[in-house]
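Participant: Below is the sequence, then the predicted model.
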Amino acid sequence: MSAAGGEPAGTRSGLVSWLAALGIGGSILIMIVASAARYSATVPPMPRPAGPLPVGLPMHLPDLVVTLGLWAAAILGGGGVIAGLVAVARGARYPAWMLISVAAAATAALALLPPAGAAGRLSHPGR
């Protein structure tokens, strides 16, 4: 059966589905890298607790790179969600096991990394 426009329903949503996956996946990867860089603007300075967690890489990312990267993650993530909604409206159906697996893996990765957020340096420059 074809959808409006004469194309099969699966091909109408194929490219948009890939754009959704790339946008959301890219956003998650940027956030994981920003959190993994222990000495960057997103990870607040705090004493390291005893034990193996949180896992962090002893690297420093420049503040401008972190800021631009997090803005890119927000834009990619938002664009990916919009593309995903458009794809679903066009007939795409994502397998529930895939969505749950990817969400669980991203949550586990971010849970093992140091907490990240604006540690004051990003939201109050010059202080």
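Facilitator: Done, it's in.

Participant: What score does A119 have for pLDDT?
Facilitator: For A119, the pLDDT comes out at 53.

Participant: got it, and A96?
Facilitator: Note for A96: predicted pLDDT of 93.

Participant: Repeat that for I75.
Facilitator: Predicted confidence (pLDDT) for I75: 97.

Participant: Next: the one 4 residues further on.
Facilitator: With respect to pLDDT, G79 scores 97.

Participant: Is it within a helix or a strand, and which one?
Facilitator: helix 63-89 (DSSP states H and E).

Participant: Helix or strand next in line after that helix, which one?
Facilitator: Downstream of helix 63-89, the first helix or strand assigned by DSSP H and E is helix 96-112.

Participant: Packing partners of that next one?
Facilitator: helix 9-36 (3 or more Cβ pairs under 8 Å, 6 or more residues apart in numbering; DSSP states H and E). Where C-beta positions appear, they are placed from N, C-alpha and C, glycine not excepted.

Participant: Tell me the gap between the helix it packs on and the middle of its chain.
Facilitator: 8 Å (Cα atoms, centre = their mean, to the nearest Å).

Participant: before we move on, what about stretch 99-114?
Facilitator: The answer for stretch 99-114 is 10 Å, by Cα atoms, centre = their mean.

Participant: What are the buried residues along that stretch?
Facilitator: For stretch 99-114, burial by neighbour count (16 or more other Cβ atoms under 10 Å) applies to 106, 109-110, 113-114.

Participant: what's the one helix or strand in the chain whose mean pLDDT sits lowest packed up against?
Facilitator: Here the helix or strand of the chain ranked lowest by mean pLDDT, DSSP states H and E is helix 9-36, holding a mean of 87. Applying 3+ Cβ pairs under 8 Å, 6+ apart, one finds that helix 9-36 makes contact with helix 63-89, helix 96-112.

Participant: still on that earlier bit, which of the buried residues of stretch 99-114 sits closest to S40?
Facilitator: Distance to S40 across these (Cβ to Cβ) is lowest for P114, with 9.9 Å.
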